[in-house]
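Peer 1: Sequence first, then the predicted structure:
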Amino acid sequence: MLGGSLSCKTANINGTLLSLLGKCKSMLELKKLHAIGIAFGLSHEDSFIYKILSFSALSNSGDIDYSYRVFSQLSSPTIFSWNTIIRGYSNSKNPIHSLFIFLKMLRHGVAPDYLTYPFLVKASARLSKQESGVSVHAHIVKTGHESDRFIQNSLIHMYASCGNIMWAHKVFDSMQGKNLVSWNSMLDGYAKCGEMASAQKVFESMQERDVRSWSSLIDGYVKAGEYREAMAIFEKMRAVGPKANEVTMVSVLSACAHLGALEKGRMMHKYVVDNCLPMTMVLQTSLVDMYAKCGAIEEALFVFRGVSKSQTDVFIWNAMIGGLATHGLVEESLKLFKEMQMFGIRSDEITYLCLLAACAHGGQVKEAWYFFESLVKCGMTPTSEHYACMVDVLARAGQLTTAYQFICQMPIEPTTSILGALFSGCINHRNLDLAETVGRKLIELDPNNDGRYIGLSNVYAVVKRWDDAKSMREAMERRGVKKSPGFSFVEISGILHRFIAHDKTHPDSDETYSMLYFVVCQMKHGCRQDNQEENLLNDTSIEDDLILF
DNA sequence: ATTGATGAAC
């Protein structure tokens, strides 16, 4: 009788705690409720433990490691508890832990069920670890779960994420009753691998398309560098497709950024606001990046300043620091770096790359050395890009010998970007002997890059070694290296204009070229517009410059 | 209780 009344009281407390846990918002609250539960002897009550596990493993404000500590104290966890932990880790920063827990589970003699596998496959996908994905797949076959639609969909995605489109397709083809997720996973797989013709085909054969189908296609075009196509698909989506969401807009903004399409970018920003799309951190980063890349650094700063700094991550700081750096606002970018440290945001390799780029733009050699050294001091390993940036700093500043020595004592083999930076420096500072050595090495390393032959040929042309210049062009032709024309875009009143080097087909071509001469002339002499052509014709050094740049 | 998407530097 007495036991009965006690357990009745516990049941009441349990009920109250369960409903409070349902409204829980933070780990702090959860821990308080957990403590109360333990005090009232509920630490072995299944429903109570499940709530604790699920919140800490799955909610956005959760803490999977806390969840795991609670889990470890259970003497014989149910399959639900195992799955919760595996699921939590599959979404975490360390998806590999899902696989460790899976092993533990097998050793405990607990059989995974149809819900365990999608999480394990997802963990492998997020790790891009095909080997582990295949092991999990083998378990799936062995335990007879091969025809589960959720499992098949996650397998398609996993193989596609690992770059194995063939196997993704095999699973897809074997499926009975494909649904939208199956089609989207296949489409996204092709888009991620840059096989846009196939992605487009899948997209067109789909019976039904949702916002993810459209977003995957747009993002595929963006990743493939086909920004105009991406924008065209977005316009089509606006006309006949579902409403875009914040993920779609991230890809679209990236396309605008690469095109330098400021007006379009502003319109996309307006689209986000007008449609009340959630202003996520990722979206804000894309906006900052878009404005910075389109030359609207003030607007980039405006968006950046509007972000509540308590929620920032390293991405948005890097975008802003990098944006300021490319705008030549070196002081500001270094100041922002200090601010970032004040907010306790840990800088990473990319931050240092941005800082080194800033130094390259501002000619700050001393600061560059400082950053390069602190990168190493912070326990990071400089990548070839860091070396390339450092060489760029030295080469731009004319310290060609130092740059050369720096390259010689690197622990890695010089890449083409490292030597390319030195090569440009040699040309800019007219060290044509070193330019020749480096240029020849570059061609040896990268015989299919047309720019290297042309660059070296131009060097010979400047020193009037016409035969050598010619032989460079011939070597290029002999090896079948295709000349890819340089081009750029400029956006005027929302219309994108493309300029190809030496192309004169644009209706305003004459005017453009006369402006170009004017600008070059001004840079050279600060001369006035009325005698520009005369000046230009009389000055052969301008021709040298036009050849070299 | 399950599956599918997005950001920074070159």
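Peer 2: Sure, I can see it. Residues are numbered from 1 along each chain as shown, chains lettered A, B, ... in the order given.

Peer 1: List the residues that contact residue A:209.
Peer 2: A:203, A:241-242 (Cβ atoms under 8 Å, 6 or more residues apart in numbering). Heads up, the C-betas are built off the backbone N, CA and C, glycines and all.

Peer 1: Just the ones of those in strands?
Peer 2: Assignment to strands by DSSP state E places none of the contacts of residue A:209 there.

Peer 1: Out of the residues you listed, which comes closest to residue A:382?
Peer 2: residue A:203 (41.5 Å; Cβ to Cβ).

Peer 1: How about the residues of the stretch 1-150 of chain A by DNA strand B?
Peer 2: Applying Cβ under 7 Å from any atom of the strand, we find that the stretch 1-150 of chain A lies next to DNA strand B at A:79-80, A:83-84, A:87, A:113-115, A:118-119, A:122, A:125, A:148-150.

Peer 1: the domain parsing of chain A - what is it?
Peer 2: A:208-298, A:308-382, A:383-487, A:504-548 (automatic domain parsing).

Peer 1: Tell me which of those domains sits most buried.
Peer 2: Ranked by mean neighbour count under mean count of other Cβ atoms under 10 Å, those are led by domain A:208-298, which reaches a mean of 20.

Peer 1: ends of that one, how far apart?
Peer 2: End-to-end span of domain A:208-298 (Cα to Cα, to the nearest Å): 42 Å.

Peer 1: who touches stretch A:258-273?
Peer 2: Applying Cβ under 8 Å, 6+ apart, the contact partners of stretch A:258-273 are A:222, A:225, A:227-228, A:231, A:244, A:246, A:249, A:252-253, A:255-257, A:277, A:279, A:283, A:287, A:290-291, A:293-296, A:299, A:489-491, A:493-494, A:496.

Peer 1: follow-up on the earlier one: which single one of the contacts of residue A:209 is nearest to DNA strand B?
Peer 2: Set against DNA strand B, the nearest of the contacts of residue A:209 by Cβ to the nearest atom of the strand is residue A:242 (9.9 Å).

Peer 1: ok, the residue nearest to that closest one when sequence neighbours are not counted - contacts?
Peer 2: Counting by Cβ to Cβ, 6 or more residues apart in numbering, residue A:211 is the residue found nearest to residue A:242 once chain neighbours are left out, at 4.7 Å. By Cβ under 8 Å, 6+ apart, residue A:211 lies in contact with A:241-245, A:247-248.

Peer 1: For residue A:211, give its distance to residue A:351.
Peer 2: From residue A:211 over to residue A:351 the distance is 33 Å, taken as Cβ to Cβ, to the nearest Å.

Peer 1: What of residue A:341?
Peer 2: Distance from residue A:341 to residue A:351, counting by Cβ to Cβ: 10 Å.

Peer 1: same question, residue A:311
Peer 2: Residue A:311 sits 18 Å away from residue A:351, taking Cβ to Cβ as the criterion.

Peer 1: ok, back up a step: could you single out the nearest of the contacts of residue A:211 to residue A:179?
Peer 2: Lowest distance from residue A:179 to those (Cβ to Cβ) belongs to residue A:242, with 16.7 Å.

Peer 1: SS state for whichever residue of the stretch 1-150 of chain A sits closest to DNA strand B?
Peer 2: In the stretch 1-150 of chain A, the residue that lies nearest DNA strand B is residue A:83 (3.1 Å; Cβ to the nearest atom of the strand). What DSSP: H, G, I helix; E, B strand; the rest coil gives for residue A:83 is helix.

Peer 1: Now do the strands for chain A: every range, in order, please.
Peer 2: Counting by DSSP E, the strands of chain A are A:487-492, A:495-500.

Peer 1: Let me know how buried residue A:108 is, in neighbour terms.
Peer 2: Residues contacting residue A:108 under the criterion other Cβ atoms under 10 Å number 10.

Peer 1: next one: phi and psi at it?
Peer 2: phi -80, psi 0 (degrees, to the nearest 10).

Peer 1: and residue A:179, what is it in contact with?
Peer 2: Taking Cβ under 8 Å, 6+ apart, one finds A:149, A:153 in contact with residue A:179.

Peer 1: which of the contacts of residue A:211 lies closest to DNA strand B?
Peer 2: For the contacts of residue A:211, the nearest to DNA strand B is residue A:247 (3.4 Å; Cβ to the nearest atom of the strand).

Peer 1: Return the set of buried residues in stretch A:109-124.
Peer 2: With burial defined by 16 or more other Cβ atoms under 10 Å, the residues of stretch A:109-124 counted as buried are A:110, A:112, A:115-124.

Peer 1: Quick one: mean pLDDT over that stretch.
Peer 2: Per-region confidence: stretch A:109-124 scores 96 on mean pLDDT.

Peer 1: residues in contact with that stretch?
Peer 2: So stretch A:109-124 is contacted by A:77, A:79, A:82-83, A:86-87, A:89-91, A:95-96, A:98-99, A:102, A:105-106, A:130, A:132-133, A:136-137, A:139-140, A:143, A:145, A:148, A:150-151, A:153-155, A:157-158, A:162 (Cβ under 8 Å, 6+ apart).

Peer 1: OK, contacts around whichever residue of the stretch 401-549 of chain A sits closest to DNA strand B?
Peer 2: Proximity of the stretch 401-549 of chain A to DNA strand B (Cβ to the nearest atom of the strand) peaks at residue A:417, 5.6 Å away. By Cβ under 8 Å, 6+ apart, the contact set of residue A:417 is A:384-385, A:388.

Peer 1: So which of those sit within helices?
Peer 2: Of the positions in those, A:384-385, A:388 sit in helices, assigned by DSSP state H.

Peer 1: can you narrow these to ones near DNA strand B?
Peer 2: A:385, A:388.

Peer 1: Next one: the residue of the stretch 151-300 of chain A found nearest DNA strand B from residue A:118, what distance?
Peer 2: Nearest to DNA strand B, among the residues of the stretch 151-300 of chain A, is residue A:153, at 2.9 Å (Cβ to the nearest atom of the strand). Noted for residue A:153: a distance of 8 Å to residue A:118, by Cβ to Cβ.

Peer 1: try residue A:32
Peer 2: Per Cβ to Cβ, residue A:32 is found 33 Å from residue A:118.

Peer 1: for residue A:450, same thing?
Peer 2: 48 Å.
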